[in-house]
Structure formats: C-alpha cells, structure tokens
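**Q** the sequence and its predicted three-dimensional model are supplied below.
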Amino acid sequence: MYEWLEATLSRLSEGVGDDPALYRLEDLDIDHFLDLAGVAAHDGGHKTNAPILSYYLGVAHGRHPELGLNELIALVAPQLYEADEESHAGGAPVSVVA
C-alpha cells in the first residue's frame, strides 16, 4: 500500500539532502491522517480539502515542532478525539468516518 509513498519519500528526501527516516510516519500516525482526510473531505464537502489541510498541518508542525501530530489534529478536527473512555483511552482518535 505504501510502496508509492516510500518511493516518493526517497526522491523528496534525496532531493533536499535529508535522511528519509526524518519524514516517516508510524502506522498509527498514518491512520490519524487518513481519518483527518476523511473528516476534511466529508465535513468540508470537497475531497480536495484533505491534501490542503495536510499541508497546513505540516506547516504548523514545522513552525511549532513542540506540538505533536495528535495535538495539531485535535485542533482542527476535535471530533476525532471525542472521549470513548472504554475503548479509546489515552486520547487516541476515534474514527468518525464511515
């Protein structure tokens, strides 16, 4: 599933002289981004909102590296973090996208 992304990441990181490991996301982070993309497309009404919102998050993270990915996602899509104490303890996103 991620073969194309890995190849693209390799080209990007090589082109800017960075280690590809600096860009890699954990599987859980990928799931969070996919949930966020669903919210952006569904709630925003256009699937093109998802990549633009991801860009905004990237800029915010670059400017405020002290904030984690989950913190930034919670700012723009708090519905992903609605408390479900029994099955999603610890502030993990709750998928609201069908």
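**A** Received the coordinates, thanks.

**Q** excluding chain neighbours, what is closest to the spatially most central residue of the chain?
**A** The centre of the chain sits closest to F33, judged by Cα atoms, centre = their mean, with a distance of 2.8 Å. Of all residues not flanking F33 in the chain, S54 sits nearest, at 6.5 Å (Cβ to Cβ, 6 or more residues apart in numbering). The C-beta positions use only the backbone N, C-alpha and C, and glycine is treated the same way.

**Q** so which elements touch the helix or strand hosting the one you found?
**A** According to DSSP states H and E, S54 maps onto helix 49-63. With contacts taken as 3 or more Cβ pairs under 8 Å, 6 or more residues apart in numbering; DSSP states H and E, helix 49-63 sits against helix 27-44, helix 69-76.

**Q** so which of the ones you listed is nearest T8?
**A** Proximity to T8, assessed across those by Cβ to Cβ, is greatest for helix 27-44 (14.0 Å).
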